[in-house]
Every structure is written in C-alpha cells, then in structure tokens.
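Undergrad: Everything below, folded, please.
(2 chains)
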Amino acid sequence: MMPVASLEWFLMIAAFLFACGIYTILTRKNAVSVLMGVELVLNSANINLVAFARFVKPAASLGPQSVPIPMESGAAAVIYGAPWASGHVFAAFVIILAAAEAAVALGIILGIYRSMGGVDVDEVSALKG
Amino acid sequence: MSEDHGHGQGHGHEAPAHGHGHDDHGHGGGEHRTHFSPAGFTPGLAVMLLGIVAGGWCFSAGRSGHLALGPASIDLNGLFDAPWASLVILCLPLVAAFVQIFFGRKLPRNGDWVSTIAVGAGLALSLMMLGRIIGIYDWQFERVHEMEWISLFSRTFPGAQDVVTFRVPMGILIDNVTVIMLVVVTLVSTLVHIYSIGYMADDPRYSRFFAYLSIFTFSMLGLVLCNNVFALYMFWELVGLSSYLLIGFWFEKKSAADAQKKAFLVNRVGDIGMFLGILTFFLMTGELTYKGIFGSVANGAFGAQMGLLTAAGVLLFMGAVGKSAQFPLHIWLPDAMEGPTPVSALIHAATMVAAGVYLVTRMYPVFTPNALIVIAWFGGFTAIFAATIALCANDIKKVLAYSTVSQLGYMIMGLGAGAYTNGFFHLWTHAFFKACLFLGSGSVIHAVVTQDMREMGGLRRKMPITFWTMLLSTLAIAGVPFTSGFTSKDGILGDLLFAAHEHPALWPVVIFAFAGAGLTAFYMFRLIFMTFTGEPRAKEKFEHAHESPWVMAAPLVILGSLAILSDKGGWFQELVGKPESAAAAAIAHAEAMKPGAKPHAEKAPGHEGDAGPSHAKAPDVGSGYVGSLPVAHAGANPYHPPHSEELHHAHSAAMVLSILVAGLGIGLSFFTYQKKLIDPAKIAAAAAPVHRLLLNKYWIDEFFHETLVKPALSISRACSRFDLKVVDGFVNLWGKATEVWSWIAGTFDQKVVDGAVNGTADVVMSAGAALSRFQTGRLKTYLAWAVAGLVILTGGFHLVTHWAQIVEHLTRK
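TA: Residues are numbered from 1 along each chain as shown, chains lettered A, B, ... in the order given. A predicted model of the protein is given here:
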C-alpha cells in the first residue's frame, strides 16, 4: 500500500526545513547566507500553513456551531469568502512579505557593508548591553 | 508746662524744683514765685470759684430732687433707679486714662484737663447723689442693679443634692455708704488733679501722671460701687496696681522703685488672707454678693462652726490690714511717701488706704464678736504704735504717713469696738483733713525743696494760705473741739469706752486710744511749730520759699474748710446706721444646734425682728457683744440713738478726756517747740534707748528683713542651687541620654537601613551586570536564546500536559 501523505509528513518536512533555516542563521557569518536561512524558515511556515489548510477542516476551527459548510457550494463563498483557501492566502501573504523583507534586508546589508566594510553578522553588535 | 520741661532738674528731690527767681508762667496765671503770692485774681482761681458754685448747685439740685434747666426739670430720683449715673461716674476716669495714655502728649496742655474734667464731672454727679440721699433721708436707702456675669459648672455632682452652679454676679450697690465714699473719692481726686497741675508742672511724664491718677480713681470708684466680693477683690487689686504705679512714678530713684515693690508685696500678704476669707465665705454660702453672703450667714450657712466664721472674718480683715496699713503690715505706707505728694494725699491718705476701713464697714455684718475684738486690737495697737513713731520722725511726709497709719488704726479700732457709724465717720472727716495736710506739705516741699522739718521754720510769713489751712487740719486731727476731727474721734472714743464697760478685753485698747490721741496732738503740733513758726533754720532755703500758685492753694482752702465743716449738719450719723449683724443670727443658729440650749433656740429666729433700740442692751445671743455695743444705731431708727445712761456717760467722759489729752499734747508741743522751755534733745538723751527705738521705727523693717526676707532669700538661693544642680543635672542627663540614643539610632540608620537600601541597589546592579551579558548585540545569540526558549516552552508544556502518559510510558516496561 502506497503511503498516503498525511498532515504529519508535511509538518515534519516543515520542521526539518525550519531547523535547516535556523541552523543556517546561527552558523553562517555572511549576512546574505543568514538571509537565505530566514527564507527557509519563512517557507517552512508556508508549508505548515498550506498543510493545515489542506488537512484541517475550517468548520472544526470555527467554534461551537459545527455546521458543515459545503465545500463546493458557491453560496458558502458568498457567506465566508472561501474559508477553504485561507491557508493559501496566508502563504501568499508570507511570500509577498518575504519578498519585501528580502528587499529591505538586502538594503540593510548594503548599509552595513558600506559602514563596516563587510557583511559579517558577528561584527554587528552595536546593541551590546 | 511744656516750656518748663527744659530746666526740670531730674528727680533727686521730692519736689519738682523750679528755677528759683524765675517767673512761673504756670496755671496760676503768671504770679511771681519769689514774693508773696498767690495774691491776685487769676484764671485758675476763677475756675475754682466757678467749680465751688457748680458743686453747690449740684448738691442743692440733688437735695431738692429735681434739676432745673431753664423750663425743663429733670427728676433726679433717676440717679439711683437706673445704674447709668453710677456707671458714668465709674467710667469717665477710665476713658480719661485711655485718652491720656494714647493721646496725652498730643493734646494741648498735655491733656491734664481731660482727666480733671472727667473726675470733676464725676464729682458733680456724686454731689448730686449726696444731695439726693440727704433729701431722701432714709438710713436704709439702698438700690441694687445686678446682672449675671459668669455662670459656670452647671452640673450635678454625684453627692450633691442640687445642681451646683458657680455664679458670679456683677452689679452696682448704691446705699448711703456708697454715695459718701463716692463723694470722698471724687472730691479728693478732683482737688488732687487740680493741685497736680501746679505740682507736677515740670515733670516730663506729666500726662502719664494724670493717666495714672485717673486709673486709680476708676479703680477706687469700682471698689466702692460693686455689689459683690468678687468685683471687690478685682478692684482691690486694681487700686493696688495704681498705687504701685504711682509710688514708683519717679522710678529712676532707687528708693522709689524699692518702695513701690515693697508696697506691692506687703499688700499681697494681706490680700492672700482676704482671698482666703472670700473663698471661705463662698464655699460656705455659695454666694458672692454682699447681701447674699449676709443672708446665708444669718440663715446658718456656717452651722455650728462659729470658729470658722470668726476665722473667715479675720482672714477677710487681713486684706484691710494690708491695704489700710495696720500693724504689722504698716511698713509699706511710710515708704510709699516716695511717690509724688499729690499721690500721697489721694491714695496713701484719703482714699485707697481707707479701702480697708471700707471693707470692714461693708462686710460688717459677718464679723463675729471675737473677730471684732481682734479687729479692735489690731486697730488700737496700730493707733498708738504709729503715733509713737511719728514723735521722732523728722521727714514731714513721714510724720504724716505715720499719722495716717495711726488714724486708720482709729477707724479700724472704732469699727471693731462696734462704733460703726463713728468709725466710718472718721474715714469721711479724715479724708479731708489728711488730704489737706498732705497737699499742704506738698506745698511746703515745693517751696523749700526739702522734706526735712529741721531745715524749715518760720514759713508762716511766706506761705500764709498753706499755714492756715494746715493749721485748721491739724486742729482737726488733734481733736480740738468744733473741728470735724473732734466729732468723729470723740465719737469713736465714746463708743469705745462704752464697749469697754461691757468687754474688759477692750480696756487696753481704750488706753491705747486715749494715749494715741494725746500723742497725735503732740506730734502734729510739733510739725506745725517746726515748719511754720519760729526762726528759719535754713536761711537759704527760706529765702527761696514762696506761696504756691492758686491752682495748688485753692484745693488747700477747700479741704481746709472741710476740715472744719465736714461734720456739720448731723446728717452723717443719721444716714449711716449699723446694719443688722448676720453673725449674731448665725450664733443664734449655732446655739440652737447645741443639744442643751433650748430657750435660745426658741428665741433665735425672732432676733431679726426685734433688733430695735430696745435691743440695744444685752441681747441674749452669742456673747452679747455684737448687739450690746452702742448699737443702738443698729436699731430700726438711727435718728434717735438710745438714750442709754451708760452710752451718754461714756460719751461725756470721752469728750472730757479727749479734750484733756489733746490739750495736754498741744501744750507740751507748744512749750517744747515754740517756747523752747523743754529741750527735746535732752529728753532724747535721757531716754536714749527709747529714742533709738522710735527713730528706728521699732526695727520692724529690720525684724521682717531678718525673719522673712533673709529666710526667703536663702530659700531662694537653695532653690536656685537645687535648680542648677538637680533640675539642670536631670535635664542635662536627659539630654545626654538622648544624644546616646541618637547616636545608636544614627548608626542603625547608616548601617542597617542604608545597608539594606544599598544592598538592594547592589543586588540589582550585579544582577543587571550579569543579565547584561545576554545582551551581546549579536542577532545570532538572541535567536539562539529564542529557539532555546521555544524548545524549553514547548517541551516543558508537553512535559506538563502529558506528564501522566510519560510516567505511564516509562513505568510500563
């Protein structure tokens, strides 16, 4: 029997990806590499969001009235605005946010580079207490 | 006045000396001091004559009962039916005193006219009142205006049956005695005010002097007018204060300052007794008004405690001993002569010292027979004691001072012996002739600038007015017939003789009294002869002598006339009658309370009713003393004293005897000091110890100094040492202890409290330092911590929520 992809699988992949991202952030000295680690973390979150959207019924998370909402009903969209796609929308937000973040972060990195002559994040410790 | 201030030469001399030979542009109106005056008609004399006419007019208006002012006629019964007239008399001098104190120096003539007019207006009203009581002619005339002043302690005590209340009434009592005292005070005060205009002319504190005189007049009038012992005590102290202020008026002189202190302190001794007496009466009767006390005492407020009643009376009399300068508290009065002479005349001769006599008169009904005997003894002894000292005194004012003490002794003795009317009568006559003598002596001192009679002599030619007025007064005080002094003194002596028949305890007093009368005649004529007749002993002083201006001489003339006239008319004896004795009624009560005294008990209540002339002889209550005295006047009708044989005999004998001793005294004096047939120096040498004794005034002052002042001083020193050593030591010890305790507290504060605070800060600081190591500033560290935290949180959360399963899982195998 072919293994069926369940929610846990996705979460594990996401966790792995998250761990890789964190590891990258913690170990790399290069700011750009750190930024790449951040992208991994963000994308692991995306996977989580989409996976939850796919496997968890929105009705179950909508509170006490457990009225099943017909997924294919156009009427439902009229009422709740496509709840079945909410995770995907979040993911799309995150992707857009990541793009903006990458742009801002690269700008900061450039600023650091100009002022410090390098992009080693270990050198950036002006907020030391 | 003010233009003369420049050459006033201090106060080394009693008299404010004038520059001799200078013209005096004084109140007399510019007469020359250097030769015989006050001849000539001056504005001062005009005012005086006007004043005499106005006074006579007031008197006759009062007598007729209505005051005619053009067509209008004012009914003068209103003088007594409402308190206003009395209040005006009382308050005018007070207002004047305030005006003088605050504006005196800014007013024209330094404001002397303010006080004089205020007192003069009081005199006019008083004369109207005197005329009115003579018009009414009722010996029991009396009006009371009273209100409640203080009401305290309205609460019930556990043991008390009723609500106990402390009530102080305040009011005015007007009866014949009051009106007579009003006239004495305002008349002498007015004349002394006028006299002072001349006498004090050069004094730098001229207006202050008049202010003090007015304060005194106010106090004395209050003392006379009030109707309760509480107010009496207040005014009593006020006159003491005025006396203090005026004795020390020239306080630059040490002797004056000492004298005022002495007068004040000696008077306090008497006043303490008086205060205790008042307290006793208040505690036993709960009353403060005269009438209330008399009524309560008569109704047996003292129960059977007649000893207490006697003691209370004697204590009350102690006030009189102090104020009226009776032995042994007489010592202040001669020293009080340090004050200006007008003050001596007003306060220390005529009025204030008579306050003690007035007190005895006023409180007469409460004195028990025994208390009266004590009083008579005090008075009689003082009368002769002071007279002997006056024999050897050379200071003219000292002679008069001792004669005042002696005469006050006569009054007190008379009252004590039951001569109520005559004792008080002597106050009235004595006020005038003694004021005249003092003012006359002031006039002499003013002229010769010395008080030593050995430096006088022959002044009759230079000062005829002073001489004649003083001679009249001397005749009066010596008890020469047809003078006022004769009538009153003879009255006292007669009553005394009569009383002594009943009460042998009074015989020594009789001897004192007659001997004193002879001595009085002797030393008073000695004064006259040494001062006015013979050859001048101090030529230079004599040359400068001069008669005083009218402003000083006119009061002398008025008072000198009164020395002759004040006893005439016979109204006095008929308007002043002895009140019923409350003490006799109290004794009757006490007798009734004794187990074996039935008959008296039955008779006692009737006592009040039949206190008539028939009662004069031997009443059957108590010792019989109070009733048996010439009480006669105590009967319902004083106009007709009982024609008891003995009283009549007593008075005849007294008259003969007193004329005899007075003649003897005057004759001796005449031969000694006028004819020089007897040399006083030889007698003094022959009786040297006696002479020394008298010169030193029996060493009474020294005696008090040794027995009272020195112990008091050593006690004070001991107290001072105690204070310095023990009290200060204790205080210092306490201070030391506080210091130590402060040190401990300070150390605790610094070490423990500050330590705790600093420790907290240190802990926070080191914690901060430790924690600040986490703040590396490196993103990676933060992130690592964040991840670690996340792991710990999630792991911990899982561990907590799944604890049971984990445990189960682990223990399963």
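Undergrad: Could you use CA atoms for every contact and neighbour count after this?
TA: Will do.
Undergrad: Do I have it right that residue B:222 meets residue B:234?
TA: No. Shown here, residue B:222 and residue B:234 do not form a contact pair, counting by CA atoms under 8 Å, at 9.0 Å.
Undergrad: between those two, who's got more neighbours?
TA: When residue B:222 and residue B:234 are compared for neighbours, residue B:222 comes out ahead with 25 against 14, by other CA atoms under 10 Å in any protein chain shown.
Undergrad: Secondary structure element holding the more buried one?
TA: In the assignment (DSSP states H and E), residue B:222 maps to helix B:206-225.
Undergrad: Pull up the distance across stretch B:67-85, start to finish.
TA: 14 Å (CA to CA, to the nearest Å).
Undergrad: Name the residues of it that come out as buried.
TA: By 16 or more other CA atoms under 10 Å in any protein chain shown, the buried positions in stretch B:67-85 come out as B:67, B:76, B:79, B:80, B:83, B:85.
Undergrad: Over to stretch B:231-248?
TA: B:231-233, B:235-248.
Undergrad: can you pull out the helices in the stretch 601-750 of chain B?
TA: Under the criterion DSSP state H, counting those that start in this stretch, helices of the stretch 601-750 of chain B are mapped to B:625-628, B:645-669, B:680-686, B:688-695, B:700-704, B:710-722, B:728-748.
Undergrad: So for residue B:662, what's the nearest residue that isn't a sequence neighbour?
TA: residue B:518 (4.9 Å; CA to CA, 6 or more residues apart in numbering or on different chains).
Undergrad: Do you know the pLDDT at the one you found?
TA: Looking at residue B:518, its pLDDT is 91.
Undergrad: With residue B:234 instead?
TA: 92.
Undergrad: Just the CA coordinates for the strand or helix carrying it, please, in PDB.
TA: Per DSSP H and E, residue B:234 falls inside helix B:229-247. Extracted in PDB, the C-alpha atoms of helix B:229-247 (Å, rounded to 0.1, in the frame of the first residue of the first chain):
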ATOM      1  CA  VAL B 229     -16.800  90.400  96.900                       C
ATOM      2  CA  PHE B 230     -15.500  89.100  93.600                       C
ATOM      3  CA  ALA B 231     -15.600  92.500  91.900                       C
ATOM      4  CA  LEU B 232     -14.400  94.000  95.200                       C
ATOM      5  CA  TYR B 233     -11.300  91.800  95.000                       C
ATOM      6  CA  MET B 234     -10.700  92.800  91.400                       C
ATOM      7  CA  PHE B 235     -10.900  96.500  92.100                       C
ATOM      8  CA  TRP B 236      -8.900  95.900  95.300                       C
ATOM      9  CA  GLU B 237      -6.000  94.600  93.200                       C
ATOM     10  CA  LEU B 238      -6.500  97.400  90.700                       C
ATOM     11  CA  VAL B 239      -6.100 100.100  93.300                       C
ATOM     12  CA  GLY B 240      -3.000  98.200  94.500                       C
ATOM     13  CA  LEU B 241      -1.700  98.400  90.900                       C
ATOM     14  CA  SER B 242      -2.400 102.100  90.700                       C
ATOM     15  CA  SER B 243      -0.700 102.600  94.000                       C
ATOM     16  CA  TYR B 244       2.300 100.600  92.700                       C
ATOM     17  CA  LEU B 245       2.400 102.700  89.500                       C
ATOM     18  CA  LEU B 246       2.200 106.000  91.400                       C
ATOM     19  CA  ILE B 247       4.600 105.200  94.200                       C
END
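Undergrad: Would you mind identifying the next helix or strand past it?
TA: Taking DSSP H and E, what comes next after helix B:229-247 is helix B:254-285.
Undergrad: which parts of chain B sit against chain A?
TA: B:772, B:773, B:774, B:775, B:776, B:777, B:778, B:779, B:780, B:781, B:783, B:784 (CA under 8 Å from any CA of the partner chain).
Undergrad: what packs against the helix holding residue B:222?
TA: Here helix B:206-225 touches helix B:84-103, helix B:112-136, strand B:163-175, helix B:176-199, helix B:229-247, going by 3 or more CA pairs under 8 Å, 6 or more residues apart in numbering or on different chains; DSSP states H and E.
Undergrad: Residue B:478 is nearest to which of those?
TA: Judged by CA to CA, the one of those that comes nearest to residue B:478 is helix B:176-199, at 20.8 Å.
Undergrad: Neighbours of residue B:540, how many?
TA: So residue B:540, with other CA under 10 Å, has 11 neighbours.
Undergrad: Please apply the same query to the one 5 residues further on.
TA: A count of nearby residues for residue B:545, using other CA under 10 Å, gives 24.
Undergrad: Now the closest residue to it other than its chain neighbours: which helix or strand?
TA: Computed as CA to CA, 6+ apart, the closest residue to residue B:545 that is not its neighbour in sequence is residue B:447, at 4.6 Å. Assigned by DSSP H and E, residue B:447 belongs to helix B:420-448.
Undergrad: for that helix, the distance to its chain's centre please.
TA: 18 Å (CA atoms, centre = their mean, to the nearest Å).
Undergrad: Just after that helix, pick out the following helix or strand.
TA: Helix B:420-448 is succeeded, C-terminally, by helix B:459-462 (DSSP H and E).
Undergrad: shouldn't residue B:228 be in contact with residue B:288?
TA: Yes. In this structure, residue B:228 is within contact of residue B:288 by CA under 8 Å, at 5.4 Å.
Undergrad: residues of stretch B:307-324 that come out buried?
TA: Applying a neighbour-count criterion of 16+ other CA under 10 Å, the buried positions in stretch B:307-324 are B:309-324.
Undergrad: got a list of contacts for it?
TA: Around stretch B:307-324, the neighbours that count as contacts under CA atoms under 8 Å, 6 or more residues apart in numbering or on different chains are B:266-278, B:280-281, B:302, B:326-330, B:352-357, B:359-360, B:366-371, B:374-375, B:405, B:408, B:583.
Undergrad: any idea of the mean pLDDT for that stretch?
TA: 91.
Undergrad: just stretch B:561-573 next, same as before
TA: 84.
Undergrad: how about it as CSV, C-alpha atoms only?
TA: The C-alpha coordinates for stretch B:561-573 follow below in CSV (Å, rounded to 0.1, in the frame of the first residue of the first chain):
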residue,chain,number,x,y,z
SER,B,561,-12.6,124.5,105.1
LEU,B,562,-13.9,120.9,105.0
ALA,B,563,-11.7,120.0,107.9
ILE,B,564,-13.9,122.3,110.0
LEU,B,565,-17.2,121.9,108.1
SER,B,566,-17.4,118.2,107.1
ASP,B,567,-19.0,117.1,110.3
LYS,B,568,-21.6,119.8,110.4
GLY,B,569,-25.3,119.2,109.9
GLY,B,570,-25.6,115.9,111.7
TRP,B,571,-26.8,114.2,108.6
PHE,B,572,-24.0,111.7,108.5
GLN,B,573,-24.8,110.0,111.8
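Undergrad: Where does pLDDT dip in the stretch 51-200 of chain B?
TA: Residues of the stretch 51-200 of chain B meeting the criterion pLDDT under 70: B:152-165.
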